[in-house]
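Participant: Predicted structure and sequence below. I'll ask about it afterward.
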Amino acid sequence: MIEKIIKEYLTAQGFSSFLEMPKTMPQGNFIIIQKTGSSISNHIKSATVAIQTYSNSLVGAIELNEQVKAVMDNIIDLDDIGGCELNSDYNFTDTTIKKYRYQAVFDITYY
């Protein structure tokens with residue numbers, strides 16, 4: 001499960017990360033990881049994964065997004081990951097919970 005691999009990796013890098021929105025809203029900065037699509041070709045798996053960075057300020061969400069992008073460059077060091085490319089990133093502020101949010105979308109190849 002690629003989401004679990006990414007969550008464990010980001011948590012080990014010091015990020016507060018979740019696979020779904022916690023029932024109790026975390027204080028400060030945190031990350032939500034969501035797989036938005038996947039495929040398999042010649043027994044090699046690929047997934048499109050959105051990593052949403054939340055903060056109390058827009059600048060905080062942007063900075064956290066930049067930190068996540070830098071760390072995700074090195075996820076290929078894991079044995080299960082064959083490749084990781086940034087597809088796009090953008091402001092994705094969550095108006096329903098009134099939290100600033102940025103989203104980075106990655107195309108990941110894994111085994």
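Facilitator: Structure's in. What do you need?
Participant: mind listing the helices for the protein?
Facilitator: 2-12, 58-72 (DSSP state H).
Participant: Contacts for the first one, please.
Facilitator: What it means is helix 2-12. By C-beta atoms under 8 Å, 6 or more residues apart in numbering, the residues outside helix 2-12 that reach it are 17-19, 31, 33-35, 38, 45, 47, 49, 51, 68, 71, 75, 78, 80-81, 108, 110. For the C-beta atoms, the positions are set from N, CA and C on the backbone; glycine is no exception.
Participant: Now which of those would you call buried?
Facilitator: 17-18, 31, 33, 47, 49, 51, 68, 71, 75, 81, 108, 110 (16 or more other C-beta atoms under 10 Å).
Participant: Include distance to Leu10 and pLDDT when you put those residues into JSON lines, please.
Facilitator: Shown next, in JSON lines, are the buried ones among the contacts of helix 2-12 (distance: C-beta to C-beta, whole Å; pLDDT from 0 to 100):
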{"residue": "Ser17", "distance to Leu10": "4", "pLDDT": "97"}
{"residue": "Phe18", "distance to Leu10": "10", "pLDDT": "97"}
{"residue": "Ile31", "distance to Leu10": "6", "pLDDT": "97"}
{"residue": "Ile33", "distance to Leu10": "7", "pLDDT": "98"}
{"residue": "Ala47", "distance to Leu10": "15", "pLDDT": "98"}
{"residue": "Val49", "distance to Leu10": "11", "pLDDT": "98"}
{"residue": "Ile51", "distance to Leu10": "8", "pLDDT": "98"}
{"residue": "Val68", "distance to Leu10": "7", "pLDDT": "98"}
{"residue": "Val71", "distance to Leu10": "7", "pLDDT": "98"}
{"residue": "Ile75", "distance to Leu10": "9", "pLDDT": "98"}
{"residue": "Ile81", "distance to Leu10": "13", "pLDDT": "97"}
{"residue": "Ile108", "distance to Leu10": "13", "pLDDT": "98"}
{"residue": "Tyr110", "distance to Leu10": "15", "pLDDT": "96"}
